[in-house]
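**Q** model this:
(3 chains)
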Amino acid sequence: MHSPRCSHLRALASAALLIGLVWVGQALAVDTTPPLPTPQLQQRYLALTHELRCMQCQDESLADSEVDLAGQMRVEVHDLLLKGMTDQQVKDYLVSRYGERILFKPLFNLRNAWLWGAPSALMLVGLLAGWRIIAGRRRLVDQDPEEPLDDTVDEHWTS
Amino acid sequence: MVVELGHYALILAMLLAAAQAVFGLAGPALSRERWMAAAPSAACGQFVFTALAVGVLIHAFITNDFSVRYVADNSNSALPLFYRVTAMWGAHEGSILLWIFVLSVWTMAVVARLRYLPTEFGARVLGVLGVLSFGFLLFTLATSSPFSRLFPTPADGASLNPLLQDPAFAVHPPVLYTGYVGFSVSFAFACAAMIEGRRDQLWARWMRPWTVMAWAFLACGIALGSWWAYYELGWGGYWSWDPVENVSFMPWLVGTALLHSLIVTEKRGLFKSWTLLLALAAFSLSLLGTFIVRAGLLISVHSFAADPTRGIFILGFLVVVVGGALVLYTLRAPRMQSTAGFDLISRESFLLFNNILLVIAAAVVLAGTLAPDIAGALHLGTLSVGPPYFAPSFMVPVLPLLALLSVGIHARWKRGGLSHAKRVILTTLVCALVIGLPLSLAVYGHPIPLAPIGGVLGAWIVLSSLVDPIDRIRRRLTLSASLVGMTVAHIGLGVFVLGITFVSSNSIERDVAMKPGQVAMVGDYAFRYEGVRDVAGPNFTAVRGTVTVTHDGQLVTVLHPEKRRFYVQDAEQTTAAIAPALHRDLLASLGDNVGGGAWSLRLQYRPLIRFVWIGGVIMALGGMLAVFGRRQRGPATVPDAVPLAMARRTPA
Amino acid sequence: MNQQIEGAPTQPQEPEKGSSRWRFALPLGLFAALLIVLFVGLMHSPEKDLVVSPLVGKAAPQFSLPNLVNGGQPVSNAALRGHWSLVNVWGTWCANCRDEHQTLLMIKQQGRVPIIGIDWNDNAANATTWLQQLGDPYTQVGEDPNGVVAIDWGVYGAPESFLVNPQGVIVYKEVGEITPDVWREQFLTRIDAAPGTGPPPTTGED
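**A** Numbers count the residues shown, from 1 in each chain, chains lettered A, B, ... in the order given. Take a look at the predicted model:
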């Protein structure tokens, strides 16, 4: 298959994954890209490299990956920002080359609406369901003869 | 020879698991008392032979038997003895065997407590557990036996992944698996209750301690894994929403929902079908996690040739076990309706929303984890889902959940309302504001908007949890184990929330290239790089750096980050130097020699990061306290025919 | 369903009985949907996702790289114009490139398309030695030590190869090693299928 430079480490990390560990990543990357001239640019650089994915890695951002390609792509992001590109232009450029997979943050668009909408939609469904259940139970409250003690937390498991 | 013994032991264990399943399920169905009595014996036998297989594999590792493929792939004669033992769960085959072994240990625990259950119910529980054991043993024998031989025998093994040569790794997988697999007991109880078509809620009382225990182990396992990743991988991360992390987190979230809904079911006879569903879901998600990790789904892109037969097998197993249980649910749940009522402001309502929000949180994690596959299956293009999606989406259900906790904890059952607690709620909230706001605004400074919210919510949870126990102590009332456990667990959650809040909003991280003698400021801390030298370890050589850290001119610590080269694998590994303290960690990691005597370094300041794991461990401790502190119940005397009204009322 | 004891009034729970039964089949339905996703995910090779490059069907990105041969013309899009070409990204550090090399030599022998090499993340000395030892299948090799062109072409590993048509449009991308089978099935079929592409004039075989 296709071997990135750090194939060895990658194989090791995959071996670790295989065993179902909760955490596996690769050794750390220390970013040696020279800092950008202004703190604002540097801030944007840091934000971008955390939102872009290292294409060779198991779920690592560009910022955290030690593979060579990630290092080269950090330099690329650095250079593009220096050329005056906006964050969006940098992302668009990389998406045009690598596809949407490179974005750790899926695009806000119609195709991904189900994903971004999921939390709110689930909240809505949950609230409605909760409301209906409670409405139903409230109707029963007067017919239910049981009067549970209020401070019964301590009785839970004893009998 | 010994190795073949292990293989035979596995075959015997599988046959005994089959016997356990048949006797356990068919015995009660056909009213054969003998069969029911045979189920525990089969379970014991299954345990013994599984343990024997584990022993044989460990023996092969200790004696460096490289004629065993699995040993040759994962060990080496230069590996210290301790890691040769832990290497047993260093890869796929062994960790599946560990899974099976843990399942048999849980089964034995059920056998030991069998006299507290009605005979038929206990037999059915063992029967369901037998089905699970059988499936996994068949999986191992058919697709991934750890005992296959290698010919010709290599002179030495390939050794264990250096990342795994770590004490935490010795503990993390077994603890995590104990949690994962522990939900199988809840699953088996739920199935048994549905097979019997029980209309009462006694099963909820029986299921609860098992669930709490599994939940506590899982919390501990996740915390351990996070801690291990933090110091071993060296980039200061403790959670990255990686699929492999997510699949362990989802059962925990659902398990948390389950142990809250169990309270309502046990106490009020409400939400019975929902509670059953959660019990099925918690274990199904554990199985799904196994599927995702083992079958290489979601991750195979990056690494190894996934073996599709394994995937198909596990998928088939999922269909049989989860599908079967859900069919049973479809048939039996409708008759579990209850007529109990409660008001809008009541403990029931709060716990209902606790459940809804926790399940939404789990669903969000599931959606994000499977999103690349869902998009692929529906031809919606390719995408990656990382922390920028998970972090904000997860907050949507979780922030309300945390806020509701501090209020709901005071609510009374049925229609008790909250009017009695208005003052307490207000007081705790004011105190939480007084603690949380200055902490996030003044002490740690430059906050993101979530920091004050998280700080206040965390403090509020801790304070609210303390109200009831303190009140009871003042009134000289007894403190039950479950109240103590609940309080401790909630305090753990509060501590955890505080930790997450500050470490995620106030960490500082700098990548710098430094020459000896140069100083870099990280927050208020001055990191001075002194230089590097070569050192040698047992199976690696390393470059060790020295970094002295001062604060206001006072020496704080001296850090020695290392970059190790393991010569068996010819692999490099960065070992971060960490100066831990309760209020902050300082980290230094060594990057590359960038020439001219300079090295690149990553320097980090991580406030309150210890709270994250301490919080997790306190939560787990709360669960353990609740289980082991409770008074022993007598043997199961409640006959099955007990009228519901009696069963529902908590016997005094 | 309603035979709860304790003489509770029988009136509650009358409504929506029909729908409430179905409610309990909902988890089964969700599980079935999940299974389908998992099954599709398992069956469909994840490598395929990566092979789909957004650049396929688009004009090859503009590039200009120093020639590996000292003093040679820069390697640029000019090398691609007017005929089919194979752009091969490789490096001496890449083990699979060594395996692929034999196939590349065979392709050169066939003479259907010129091979333009991009030596990525590498240095000229290593590359020159490699070509001297293993033979040189390339018509030109550009040096890309910092991955600037590789990134512009959406490369994330080596070897990777692009088939570029006479109009300079990328027609196909192969991720990983080209084997003789891959060459025949993925590359030659595409070249032959294109209208107006007869057997190339320079061919030595066929």
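
**Q** switch to C-alpha atoms for all contacts and neighbour counts from now on
**A** Fine.

**Q** distance of the closest residue to B:Tyr444 other than its chain neighbours from chain A?
**A** The shortest distance from B:Tyr444 to any non-neighbouring residue, by Cα to Cα, 6 or more residues apart in numbering or on different chains, is to B:Asn506 (6.7 Å). Per Cα to the nearest Cα, to the nearest Å, B:Asn506 is found 15 Å from chain A.

**Q** So B:Asn506 sits against B:Arg606, correct?
**A** Yes. With contacts counted by Cα atoms under 8 Å, B:Asn506 reaches B:Arg606, the gap being 7.2 Å.

**Q** More neighbours: which of those two?
**A** B:Arg606 (24 against 20; other Cα atoms under 10 Å in any protein chain shown).

**Q** that's a helix at the more buried one, yeah?
**A** No. According to DSSP: H, G, I helix; E, B strand; the rest coil, B:Arg606 belongs to no helix; its state is strand.

**Q** ok, the residue nearest to it when sequence neighbours are not counted - contacts?
**A** Of all residues not flanking B:Arg606 in the chain, B:Ser507 sits nearest, at 4.7 Å (Cα to Cα, 6+ apart). Taking Cα atoms under 8 Å, 6 or more residues apart in numbering or on different chains, we find B:Ser507 in contact with B:604-607.

**Q** Report how many residues lie close to B:Thr339.
**A** 21.

**Q** Sorry, slip of the keys, the one I care about is B:Asp524.
**A** Using other Cα under 10 Å, B:Asp524 is surrounded by 10 other residues.

**Q** And it, how far from B:His583?
**A** As defined by Cα to Cα, to the nearest Å, B:Asp524 lies at a distance of 14 Å from B:His583.

**Q** can you check B:Phe139 too?
**A** For B:Phe139, the distance to B:His583 equals 47 Å [Cα to Cα].

**Q** pLDDT score for C:Pro46?
**A** Among the per-residue scores, C:Pro46 shows a pLDDT of 51.

**Q** Low-confidence regions, chain A specifically.
**A** Scanning chain A for pLDDT under 70 picks out the ranges A:1-30, A:58, A:149-159.

**Q** if we go to 80?
**A** When residues are selected by pLDDT under 80, those of chain A lie in A:1-35, A:55-60, A:64-67, A:146-159.

**Q** in it, what residue is nearest chain B?
**A** Closest contact between chain A and chain B, by Cα to the nearest Cα, is at A:Val141 (3.9 Å).

**Q** ok, residue 118 - how many residues close by?
**A** Assuming you mean chain A. Other residues near A:Ala118 come to 18 when the count uses other Cα under 10 Å.

**Q** You answered for a different chain; I wanted chain B.
**A** Using other Cα under 10 Å, B:Pro118 is surrounded by 15 other residues.

**Q** So which residues on chain C come close to chain A?
**A** Residues of chain C lying near chain A by Cα under 8 Å from any Cα of the partner chain: C:8-9, C:12, C:53-55, C:93-96, C:121, C:146-148, C:151-159, C:175-177.

**Q** Indicate whether stretch B:351-361 makes contact with chain C.
**A** No. Stretch B:351-361 does not reach chain C (Cα under 8 Å from any Cα); its nearest approach is 13.1 Å.

**Q** Pull out the buried residues from the residues of chain C next to chain A.
**A** The neighbour-count test (16 or more other Cα atoms under 10 Å in any protein chain shown) marks C:53-55, C:93-96, C:121, C:146-148, C:151-159, C:175-177 as buried among these.

**Q** Poorly predicted segments of the stretch 551-652 of chain B, please.
**A** Applying pLDDT under 80 to the stretch 551-652 of chain B picks out residues B:566-574, B:630-652.

**Q** Need the three-state assignment for the residue in it that chain A sits nearest to.
**A** Relative to chain A, the nearest point of the stretch 551-652 of chain B is B:Gly591 (5.0 Å; Cα to the nearest Cα). Secondary structure, three-state DSSP: B:Gly591 is strand.

**Q** and the spatially most central residue of chain B, what helix or strand is that in?
**A** With distances taken as Cα atoms, centre = their mean, B:Leu218 lies nearest the centre of chain B, 2.8 Å away. Element membership for B:Leu218 (DSSP states H and E) is helix B:202-233.

**Q** ditto for B:Gly531
**A** strand B:525-536.

**Q** buried residues in that strand?
**A** B:525-532.

**Q** Switch the residues you listed over to CSV; also include pLDDT.
**A** Output for the buried residues of strand B:525-536, formatted as CSV (pLDDT from 0 to 100):
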residue, pLDDT
B:Tyr525, 94
B:Ala526, 95
B:Phe527, 96
B:Arg528, 96
B:Tyr529, 95
B:Glu530, 94
B:Gly531, 92
B:Val532, 92
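
**Q** Could you look up the SS state of the closest residue to the residue of chain A closest to chain B other than its chain neighbours?
**A** The shortest distance from A:Val141 to any non-neighbouring residue, by Cα to Cα, 6+ apart, is to B:Gly341 (3.9 Å). Local secondary structure at B:Gly341 is given as coil here, using three-state DSSP.
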